[in-house]
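Chemist: Everything below, folded, please.
(one chain, ligands or ions: 1)
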Amino acid sequence: MRFIAFRNDQGQPALGLREGDTLVDLTALGGPQSLDILLRQGEAGLQAVRELASRATERRPLTGLEYLPPVLNPAKAFAIGLNYKDHAAESNFEPPKHPVVFQRYPSSWVAHGKPLVRPHVSVQFDYEAEFVAVIGKPGRYIPKERALEHVAGYSLFNDGSVRDYQLRTNQWMLGKNFDDSGSFGPEFVTADELPPGANGLELRCRLNGDTLQSANTADMIFDVATLVAACSDAMLLQPGDIIITGTPSGVGLARTPQVWMKDGDVCEVEVEGIGVLRNPVIDEHVS
Ligand code: ZN
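Modeler: Reported below is the predicted structural model:
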């Protein structure tokens, strides 16, 4: 199943089930208002919305839809650094022996279709194509062999980064958390629609139509199961928590000449079977 979080005609958050180029408004039918709520209901919740959708008589078109991030308020958003060998090398880092984990806040990302904002304090605004694993089943000390049972599904992320702020200290948090600098979406794809761990999928980033990153998710140093297990060693993973799994080589920082996103650009993250996350870029205007 493929879910889209959107803003309905009353301006309220709603959850839809996508069928082709139409959407069943589950919320209007009495279903949950968000994926956050649905994920907490577990398998029973999914079964209920499946039945709800099968009785739907109305569909709305996707055109003109105002998307929201698939999970509105994840309690935790883990982002993984240097998770592809070639990207670690281009960044002049050794491949890590353990997952490199940093944090992103929901204020740092926008939905599909919304503008990424280049802050006025920097021109070094970079793209990073990634996919996201969304936790469905809670767990602590999850063994790697059972980790994928805790993943409800997948989405896409542009881990937009303000490089000078990111790299002037050892902790990357600031440069990874400028307001509206990343994006998350367009939809949430349940795990059963994809290969286990979303492994073996083509991943790309395009800026204004030019392909600047191209890799396969099988090239990750730490796969989804390993990342889930590693994060759960420290924290209780809860439904709606997300793991942003890292980017391959080809980022703007490492190119000659360097490539930075700027006002008027359009950036797309695509992963086979998950979708295309598209965002325009605008300059921040400070009055
Ligand atoms: Zn990243």
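Chemist: tell me the SS of residue 48?
Modeler: helix (DSSP: H, G, I helix; E, B strand; the rest coil).
Chemist: That one contacts residue 31, doesn't it?
Modeler: Yes. Between residue 48 and residue 31 there is a contact at 7.3 Å, judged by CB atoms under 8 Å. All C-beta atoms are positioned from the backbone trio N, CA, C, and that covers glycine.
Chemist: Looking at the protein, which residue is nearest the ion?
Modeler: Using CB to the ion, the closest approach of the chain to the ion is made by residue 159 at 3.3 Å.
Chemist: who in the stretch 51-200 of the chain is up against the ion?
Modeler: 128, 159 (CB under 5 Å from the ion).
Chemist: can you give me the strands in the stretch 51-200 of the chain?
Modeler: 60-61, 66-67, 77-81, 100-103, 109-111, 116-118, 125-126, 129-135, 151-158, 161-162, 182-190 (DSSP state E, counting those that start in this stretch).
Chemist: could you say what helices and strands the first one packs with?
Modeler: Counting contacts by 3 or more CB pairs under 8 Å, 6 or more residues apart in numbering; DSSP states H and E, strand 60-61 packs against strand 22-25.
Chemist: what do you get for the fourth one?
Modeler: Packing contacts for strand 100-103, counted by 3+ CB pairs under 8 Å, 6+ apart, involve strand 77-81.
Chemist: Give the rounded mean pLDDT of the strand it packs on.
Modeler: Throughout strand 77-81, pLDDT has a mean value of 97.
Chemist: Can you pick out the residue with more neighbours from residue 48 and residue 31?
Modeler: residue 31 (22 against 16; other CB atoms under 10 Å).
Chemist: How about the backbone phi and psi for that one?
Modeler: phi -80, psi -180 (degrees, to the nearest 10).
Chemist: That one contacts residue 24, doesn't it?
Modeler: No. Look at residue 31 against residue 24 with CB under 8 Å: they stay out of range, at 9.0 Å.
Chemist: Could you say which helix or strand holds residue 17?
Modeler: Following DSSP states H and E, one finds residue 17 within strand 13-19.
Chemist: Would you mark the buried spots in that strand?
Modeler: Within strand 13-19, the residues that count as buried by 16 or more other CB atoms under 10 Å are 14, 15, 16, 17, 18.
Chemist: and the third one, what are its bridge partners?
Modeler: Same thing as residue 16. residue 4, residue 25 (DSSP bridges).
Chemist: Could you pull up the contacting residues of it?
Modeler: 3, 4, 5, 6, 23, 24, 25, 26, 27, 60 (CB atoms under 8 Å, 6 or more residues apart in numbering).
Chemist: And the last one, by the same measure?
Modeler: Contacts were defined as CB under 8 Å, 6+ apart; by that measure residue 18 touches 2, 3, 4, 62, 187.
Chemist: Any figure for the gap between it and residue 144?
Modeler: Residue 18 is 32 Å from residue 144, where distance means CB to CB, to the nearest Å.
Chemist: just to revisit the earlier point, now for the contacts of residue 18, which pair is the farthest apart?
Modeler: 3 and 62 (12.8 Å; CB to CB).
Chemist: centre of the chain versus the lowest-mean-pLDDT helix or strand in the chain, how much separation?
Modeler: Within the chain, no helix or strand scores below helix 85-90, which has a mean of 87 by mean pLDDT, DSSP states H and E. The gap between where helix 85-90 is centred and where its chain is centred comes out at 21 Å by CA atoms, centre = their mean, to the nearest Å.
Chemist: repeat for stretch 200-212
Modeler: For stretch 200-212 - counting by CA atoms, centre = their mean - the centre lies 15 Å from the chain centre.
Chemist: Now do it: distance from first to last residue.
Modeler: End-to-end span of stretch 200-212 (CA to CA, to the nearest Å): 19 Å.
Chemist: about what we covered before: more neighbours: which of residue 3 and residue 62?
Modeler: In this view residue 3 and residue 62 are compared by other CB under 10 Å, and residue 3 has more residues nearby, 25 against 17.
Chemist: quick one: pLDDT of the spatially closest residue to the more buried one that is not a sequence neighbour?
Modeler: Closest residue in space to residue 3, ignoring its immediate chain neighbours: residue 188 at 4.5 Å, by CB to CB, 6 or more residues apart in numbering. Per-residue confidence at residue 188 stands at 98 (pLDDT).
Chemist: Using the record's domain definitions, break this protein down for me.
Modeler: Here the domain parsing of the chain from automatic domain parsing is 2-67, 77-283.
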